[in-house]
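Novice: Provided below are the primary sequence and the corresponding predicted coordinates.
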Amino acid sequence: MKLKIKRVMLALCMVTCLFLSACSTAVTDDSTAVDPALATTLDQISRDTISQFATMTDEQYAMTLSQAEKSGYTAMASGLTSWKSIKDELGGFVSVDSTEVRKTDDGYVIDVSATFEKRELVVGIGINEEISEYTSMSFSPVYTTGENMTKAGMNTLMGMGTVFIVLIFISLLIGCFKFINAFEQKMKKNAQKEPAALPAPTPVQTAPVEEEELVDDLELVAVITAAIAASANTSADGLVVRSIRRAPSAKWKKA
């Protein structure tokens, strides 16, 4: 009896799991499901968009980009800019291989796989719910393994080359330090060899020549006193000689 109960419980658990799985799958499918008629319309829009981009001339490209920027269609302007950067790698347009329409929170996304002359292209186009404006646009060229390896090698080579160039420059700069040090030492030696500047000569101050005092010469005093008294017609008794100084010789010559 217990064995039968266990079997029944196990069967009920299995049924419950299958039911929950089916419900979750149904919900997922309903959330992303797109009406077939709408899916056909979006599919045609994506094909027309890729065809127009592929056949667009340079003048048409410039005009379309200018109008998109002026009108504020940022997704369209970004898509045109991305397309211009990769169109030379694609070559001529061949066909659209497949499309897949998905429902998103803000509209629809169309995943497109297209073939060009040089390589394949994966395109992602986003459209709003009203199907009146692009919300996103991306272009991803499909590169071969050899091309990816070549690009990786070139990037590695450029990175390593840049590092080695910087290291060589730093080593050369460090090597120049010894020449700078030698130049400084040479300048110091030259500065030491230069003679010191002599101080400016100080002006020699000559001491004033002391005048010879002649008052002590009594005979000279008497002669001078008598000469003065005779020239003044007076007596020598009223004259007192206090100082006698020698006059410059030039004045006597002028007299």
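Specialist: Yep, it's here.

Novice: tell me the domain boundaries of this protein?
Specialist: Domain segmentation of the chain under automatic domain parsing yields 1-32, 34-146, 218-246.

Novice: take those and write them to CSV, including mean pLDDT, mean neighbour count and distance to I165.
Specialist: To be clear about C-beta, it is placed using only N, CA and C from the backbone, and glycine gets the same treatment. Shown next, in CSV, are the domains of the chain (pLDDT from 0 to 100; neighbours: other C-beta atoms under 10 Å; distance: least, C-beta to C-beta, whole Å):
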stretch, mean pLDDT, mean neighbour count, distance to I165
domain 1-32, 47, 10, 52
domain 34-146, 91, 15, 28
domain 218-246, 71, 11, 96
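
Novice: of all those domains, which one is nearest V163?
Specialist: Proximity to V163, assessed across those by C-beta to C-beta, is greatest for domain 34-146 (26.0 Å).

Novice: quick one: contacts of stretch 38-57?
Specialist: Stretch 38-57 has contacts (C-beta atoms under 8 Å, 6 or more residues apart in numbering) with 34, 64, 79-80, 83, 87, 90, 92-93, 96, 99, 101, 108, 110, 112, 114, 116, 123, 125, 127, 131.

Novice: repeat the analysis, applying 7 Å as the threshold.
Specialist: For stretch 38-57, contacts defined as C-beta atoms under 7 Å, 6 or more residues apart in numbering pick out W83, F93, V96, T99, V101, Y108, I110, V112, A114, V123, I125, I127.

Novice: pull the most distant pair out of the residues you listed.
Specialist: F93 and Y108 (23.3 Å).

Novice: can you flag which of the contacts of stretch 38-57 belong to strands?
Specialist: If you go by DSSP state E, those have F93, V96, T99, V101, Y108, I110, V112, A114, V123, I125, I127 in strands.

Novice: show me what the nearest residue to the fifth one once chain neighbours are set aside is bridged to.
Specialist: Here the nearest residue to Y108 in space, its sequence neighbours aside, is I127; by C-beta to C-beta, 6 or more residues apart in numbering that works out to 5.1 Å. Here I127 shows beta-bridge partners Y108, Y134, assigned using DSSP bridges.

Novice: residue contacts, I127?
Specialist: Contacts for I127 (C-beta under 7 Å, 6+ apart) come out as L42, G107, Y108, Y134, T135.

Novice: what helix or strand is the first one on?
Specialist: Under the criterion DSSP states H and E, the helix or strand holding L42 is helix 36-54.

Novice: and the angle from the next helix or strand after that helix to helix 36-54?
Specialist: Downstream of helix 36-54, the first helix or strand assigned by DSSP H and E is helix 58-71. Interaxial angle of helix 58-71 relative to helix 36-54 (axes from the mean of the first three to the mean of the last three C-alpha atoms, to 10 degrees): 120 degrees.

Novice: contacts made by helix 58-71 with the rest, please.
Specialist: With C-beta under 7 Å, 6+ apart as the test, helix 58-71 has contacts from M76, A77, L80, K84.

Novice: try 6 Å
Specialist: Identification of contacts with helix 58-71 by C-beta atoms under 6 Å, 6 or more residues apart in numbering yields M76, A77, L80.

Novice: for stretch 131-149, same thing?
Specialist: Against stretch 131-149 from outside (C-beta under 6 Å, 6+ apart): 75-76, 79, 82-83, 86, 89, 107, 119-126, 128.

Novice: what's the end-to-end length of it?
Specialist: End-to-end distance for stretch 131-149: 40 Å, by C-alpha to C-alpha, to the nearest Å.
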